[in-house]
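In: Attaching a predicted model along with its sequence, questions to come.
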Amino acid sequence: MQALAQYLIQTFGLPVPLSVLSPLLGFMGGVVVLTAIAVQAMYLIWLERKVAAHMQDRLGPMLVGGWHGWAQSLADGIKLLLKEDIVPAAADRPLFLLAPLVVFVGSFAAFVCLPFGDRVIISDLNVGIFYIIAVTSFVVIGIIMAGWGSNNKWALFGAMRSAAQIVSYEIPVGLSLLAAVMAAGSLSMQEIVAAQDGGIHRWFAFRNPFLFVAFVIYFLASLSEVNRTPFDIPEAESELVAGYHTEYSGMRFSFFFLAEYANMFAVAAIAATLFLGGWQAPWGGGAPIFGVIWVIAKAHFLVFVQMWLRWTLPRLRVDQLMYIGWKVLTPFAFACIVGTGAWMLVFKQG
Amino acid sequence: MAQVEIVDTADVKTQEMVLNMGPQHPSTHGVLRLEIGTDGEIVRWVRPHIGYLHRCFEKHAENLTYPQVIPFTDRMDYMASMNNNLGYVLGVERLMDIQVPERVEYIRVIVCELNRIASHLISFGTYGLDIGAFTPFLFAFRERERIFDMFEMTCGARMLYNYIWVGGVSHDLPDGFIEAATAFVDDFEKSIDEYNGILSGNKIFIERTANVGILPADMAINYNVTGPNLRGSGVKWDLRRDEPYSIYDRFEFDIPVGRGEMGTVGDCWDRYMVRIWEMEQSRRIVKQALQQIPKGNVHAAIPKQVRPPKGECYFRTETPKGELGVYVISDGTTKAYRVKVKSPCFVALSVLPELCKGAMIADVVAIIGSIDIVLGEVDR
């Protein structure tokens, strides 16, 4: 934002000091991003209901708003806003009230480093991907706060499962991303995208077999990170009622809900950026506007696959989930790192 | 050599957490409450509490005339009301020594077997939900709707029919029923393949159900478990074949039993799969019955008032859930002196604590789903 503020002052000669304009722009940018992501999450909720319905020989929401029930999520949002915000009498009040915000912030902060085009990125940190892994793990703290603060045994079970699950699956996530980082030679998101310039065969997912496996591992492990079927045991509704958010109602519940869908999009966008060429077109390059469209299209494809899996597969048991995390995905992710390194040595390219 | 200090954990005090599952829980299949002693994710013991849906069926039956009891039997196992109607009505008919017309026998078999399919479809669909797959449920409802549409044609009701009466059925099959039923049984074969494709053969589903909740054959017999749960344990026992009532001895069908294909005989997968196979057998029976059904009257010549002679009768039939026993004592009036029902679901529930020992919480859900209980029948 500092760079943009400097640019505006120099070009248009705005009579405002840099120290005022920069935070102001930052604030405005934050509001815009927040709104865009919230709208996007609501859209994904609608999409999920439509995808589910069509897989199950139904139509899904058709009435609200006219065209295929497009305003259903909006109506649900308004309903949730108007609902009573119930705090159980025996709950740990501060933790209970704070938890949805922590989850929300954790999943939204990841968007700071997601590149949507050549210059369309809020902040291109030089440790971008590292930062994203760090802030998305933050979500688990909120989930444990919610589970513990609710003073409900089911919520506690959900929170404990979630903690175990996210801690376990962080490792394959980190390792598989590391393979792509090795190939790019940088942690910065923009440089990772730039390293995949030149068309679809240069994308990391299709560069060499090890990176493709790393892509698959990342996708599977990220399903677990965002609690999607078949890894949705923290909120397994047939076992734990609603898991960690059993006791939540109204807007606080919808914060969890929005965060979940924002998170789904975030992990899909990360996968698209690191393995599928980010904002670049399949034939290379990507103009500023089209870049946004490309990255959203790629992320949406992955989101669709997430939904597809959810409405097809049953759920794993907690011990089977741990087995897959530690004994399948983690060793294979290590193998991918070694393989990618060897490939780079032998063929002199990533 | 460095000495590794081994910490003795025997004196670390851990506490069992008692978890209340239900009566309002998504997968207790009704208003069942389970008290579960948990050690982390491991279940140490389970204690079912029943009675949340107790409606004094048996006491009501003493104060109503014989035909008036039939709608109450609908509400026992509301997933398979036709079969409950039949069990009670056959008991009363045995007491009165009534022979019903041929056409009635065929209609009864057709509706009961269609209802068996509908009941197993719900069992299949909700089992998918228990394991975490949503789509099979909707697939099952698609076919169940067609069955209910057919029942609606016959008696106007979709779930609680009051269709099978003492000495006959309430209405004859309407025009178009035979065609609709024939079309359904022809299409249904493909649907079963679809179910197997989406759930039965799924790797995750097999992982979740094979070798879970194993019910050995001797334990099943000792507890008097019947129906698909017993057959899942590999015991070939079906009243339709071993003690034929109505006209079941005229049809060709197999009794599928669990073979432990994916794990051990009597595990959740076997119990689940027996139901899928049974749907196929019911389809065969309906198909034969539709071809053979004769024309004729649908009411036997019986007096206006049902007044069985003094005496008692125990009649058992094979409902989708197992062996439904109806014990009727008549004192020669228009009202029964006593009606007692032996419910297969109640028995299946009694074996639940044995099956759940040492399982995980997710397994408890899988086991409850696999024994397919309906609380309306457990509590009556």
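Out: Cool, the structure landed.
In: got the residues of the stretch 51-200 of chain B near chain A?
Out: By the rule Cβ under 8 Å from any Cβ of the partner chain, the part of the stretch 51-200 of chain B lying against chain A is B:128-135, B:138-139, B:142, B:198-199. Yep, even glycine has a C-beta here, placed from its N, CA and C like the rest.
In: State the next helix or strand along the chain beyond the helix or strand hosting B:His120.
Out: Secondary structure from DSSP states H and E places B:His120 in helix B:102-131. Toward the C-terminus, helix B:102-131 is succeeded by helix B:135-155 as the next helix or strand (DSSP H and E).
In: which secondary structure elements does that following helix contact?
Out: Helix B:135-155 sits against helix B:102-131, helix B:177-195, with contacts defined as 3 or more Cβ pairs under 8 Å, 6 or more residues apart in numbering or on different chains; DSSP states H and E.
In: in the helix or strand where B:Arg284 lies, what's buried?
Out: Under the criterion of DSSP H and E, B:Arg284 resides in helix B:268-292. The neighbour-count check on helix B:268-292 (16 or more other Cβ atoms under 10 Å in any protein chain shown) flags B:268-279, B:281-290 as buried.
In: and if you look at stretch A:269-283?
Out: Within stretch A:269-283, the residues scored as buried using 16+ other Cβ under 10 Å are A:Ala269, A:Ile270, A:Ala271, A:Ala272, A:Thr273, A:Leu274, A:Phe275, A:Leu276, A:Gly277, A:Gly278, A:Trp279, A:Gln280.
In: Can you pull out the low-pLDDT segments for the chain?
Out: Let's take chain A. Low-confidence segments of chain A, defined by pLDDT under 70: A:1-8, A:13-14, A:119-123, A:236-238, A:285-288, A:349-350.
In: The intended chain is chain B.
Out: Applying pLDDT under 70 to chain B flags residues B:1-10.
In: go with 80
Out: B:1-15, B:22, B:26-30, B:40, B:300-301, B:303-304 (pLDDT under 80).
In: now the strands for it?
Out: Assigned by DSSP state E, chain B shows strands spanning B:17-21, B:33-39, B:42-49, B:164-165, B:168-169, B:311-319, B:322-330, B:336-342.
In: returning to what we had before: looking at the helices and strands packed on helix B:135-155, which is buried most?
Out: helix B:102-131 (a mean of 25; mean count of other Cβ atoms under 10 Å in any protein chain shown).
In: What helices and strands are in contact with that one?
Out: When contacts are defined as 3+ Cβ pairs under 8 Å, 6+ apart, helix B:102-131 packs onto helix A:237-240, helix B:81-96, helix B:135-155, strand B:168-169, helix B:177-195, helix B:203-209, helix B:268-292, helix B:361-371.
In: returning to what we had before: out of the buried residues of stretch A:269-283, who's nearest A:Lys50?
Out: A:Ala269 (20.7 Å; Cβ to Cβ).
In: quick one: contacts for B:Ile276?
Out: B:His120, B:Phe124, B:Ile192, B:Tyr195, B:Asn196, B:Ser200 (Cβ atoms under 8 Å, 6 or more residues apart in numbering or on different chains).
In: Burial check on A:Leu82, number of neighbours?
Out: 9 (other Cβ atoms under 10 Å in any protein chain shown).
In: Kindly report the same for B:Ala61.
Out: 25.
In: do the one 10 residues further on as well
Out: Burial measure for B:Pro71: 15 neighbouring residues, criterion other Cβ under 10 Å.
In: Isn't it up against B:Asn162?
Out: Yes. Counting by Cβ atoms under 8 Å, B:Pro71 touches B:Asn162, with 4.7 Å between them.
In: check contacts around A:Asn305.
Out: I think there's a mix-up here, since residue A:305 is Val and not Asn. Contacts of A:Val305 (Cβ under 8 Å, 6+ apart): A:Phe219.
In: Excluding chain neighbours, what is closest to B:Val18?
Out: Of all residues not flanking B:Val18 in the chain, B:Gly37 sits nearest, at 5.7 Å (Cβ to Cβ, 6 or more residues apart in numbering or on different chains).
In: what number of residues lie near that neighbour?
Out: For B:Gly37, the count of nearby residues is 14 (other Cβ under 10 Å).
In: One more: B:Lys236?
Out: B:Lys236: 12 neighbours (other Cβ under 10 Å).
In: any idea how far chain A is from it?
Out: Distance of B:Lys236 to chain A, computed by Cβ to the nearest Cβ, to the nearest Å: 30 Å.
In: Contact distance from chain B - what residues of chain A qualify?
Out: Applying Cβ under 8 Å from any Cβ, we find that chain A lies next to chain B at A:52, A:55-58, A:153-154, A:157, A:229-230, A:232-233, A:236-241, A:310-320.
In: Out of those, which end up buried?
Out: Among the residues of chain A next to chain B, those buried by neighbour count (16+ other Cβ under 10 Å) are A:52, A:55-56, A:153-154, A:157, A:229-230, A:232-233, A:236-241, A:310-318, A:320.
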